[in-house]
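*Asks:* Curious how this folds, go ahead:
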Amino acid sequence: MVAASSTVVFARMAPNITTLSVLIFPMSEQFGWSRTLISGSVSSGAIASLFFSPVVGWSIDRFGARPVLVISVLCLGLAMISLAWATLPITFYLAYSVGRVVFHTSAPIGSSTVASRWFIKKRGRAIGVIFLFGAFGGIVFTMLASLIVESYGLKTTWIVIGLLVLIVAVAPPLLLVAERPEDLVLILMGRFQDLEIQKN
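*Replies:* Have a look, this model is predicted:
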């Protein structure tokens, strides 16, 4: 559970401010946008998160953390890839805001929910380890953006970032996350009963 949640928290750093700060000058030169306009996308994402945060919480209670995490990572990866073709301010704001909503809401809320359900005595330690990968992700995505944009340009940079999100963070929550320990027990009991039936 810690490993699966850690990959999501790692991936949520794709639209981090430090990543954008590396790309803000190339974007300004290529599209002729002011730095104020580009950095305003961070605020638009924060405003959108105000409205989506309660929805994310309700969705986790209603459907579980696993589907919310998987859908969030898919949206994040596709949003990052779509930035490669965001040549208008409105399309850039929309795509980047999707990433920032995941950054602020579903990724941290979902990951913390999974950890809190699985750990009691060492809950704080588990959550601390999970969010350690967030710091690692911030470093990786910033360095990756810096290296790629210089050699291959903005379009390739956004595509690589988005693909990394999808490759690293879709499968773990999809395959490894069980909502609660009792859910895993029920699954194992069901398989054990199936084996007993087959033997008889």
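
*Asks:* ok, and what's touching stretch 67-78?
*Replies:* By C-beta atoms under 8 Å, 6 or more residues apart in numbering, the list of residues contacting stretch 67-78 from outside reads 4-5, 8, 11-12, 14-15, 56, 59-60, 98-99, 102-103, 106-107, 110-111, 114, 162-163, 165-166, 169-170, 173-174, 177. All C-beta atoms are positioned from the backbone trio N, CA, C, and that covers glycine.

*Asks:* Low-confidence regions, the chain specifically.
*Replies:* 1, 179-200 (pLDDT under 70).

*Asks:* go again using 80 as the cut-off
*Replies:* Scanning the chain for pLDDT under 80 picks out 1-2, 118, 120-121, 178-200.

*Asks:* residue boundaries of the helices in it?
*Replies:* In chain order, the chain shows helices spanning 2-11, 17-31, 35-63, 65-82, 89-104, 106-118, 123-152, 154-169, 171-176, 181-199, with DSSP state H as the criterion.

*Asks:* Go through those helices and pick out the most buried.
*Replies:* Among those, helix 2-11 has the highest mean neighbour count (mean count of other C-beta atoms under 10 Å), at a mean of 25.

*Asks:* For it, what is the distance to the chain centroid?
*Replies:* 8 Å (C-alpha atoms, centre = their mean, to the nearest Å).

*Asks:* now stretch 64-79
*Replies:* Centroid separation between stretch 64-79 and its chain, computed with C-alpha atoms, centre = their mean, is 7 Å.

*Asks:* Alpha carbons of stretch 120-132, as PDB, please.
*Replies:* Provided in PDB are the C-alpha atoms of stretch 120-132 (Å, rounded to 0.1, in the frame of the first residue of the first chain):
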ATOM      1  CA  ILE A 120      -2.700   2.400  13.200                       C
ATOM      2  CA  LYS A 121       0.400   2.500  15.400                       C
ATOM      3  CA  LYS A 122       2.800   3.700  12.700                       C
ATOM      4  CA  ARG A 123       0.400   5.700  10.600                       C
ATOM      5  CA  GLY A 124       2.400   8.900  10.800                       C
ATOM      6  CA  ARG A 125       5.600   7.100   9.700                       C
ATOM      7  CA  ALA A 126       3.800   5.500   6.800                       C
ATOM      8  CA  ILE A 127       2.400   8.800   5.600                       C
ATOM      9  CA  GLY A 128       5.800  10.400   6.000                       C
ATOM     10  CA  VAL A 129       7.400   7.800   3.800                       C
ATOM     11  CA  ILE A 130       4.700   8.200   1.200                       C
ATOM     12  CA  PHE A 131       5.200  12.000   1.000                       C
ATOM     13  CA  LEU A 132       9.000  11.500   0.900                       C
END
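
*Asks:* any idea how far the closest residue to residue 177 other than its chain neighbours is from residue 178?
*Replies:* Leaving aside its sequence neighbours, residue 177 sits nearest to residue 66 (C-beta to C-beta, 6 or more residues apart in numbering; 4.4 Å). Distance, residue 66 to residue 178, using C-beta to C-beta, to the nearest Å: 8 Å.
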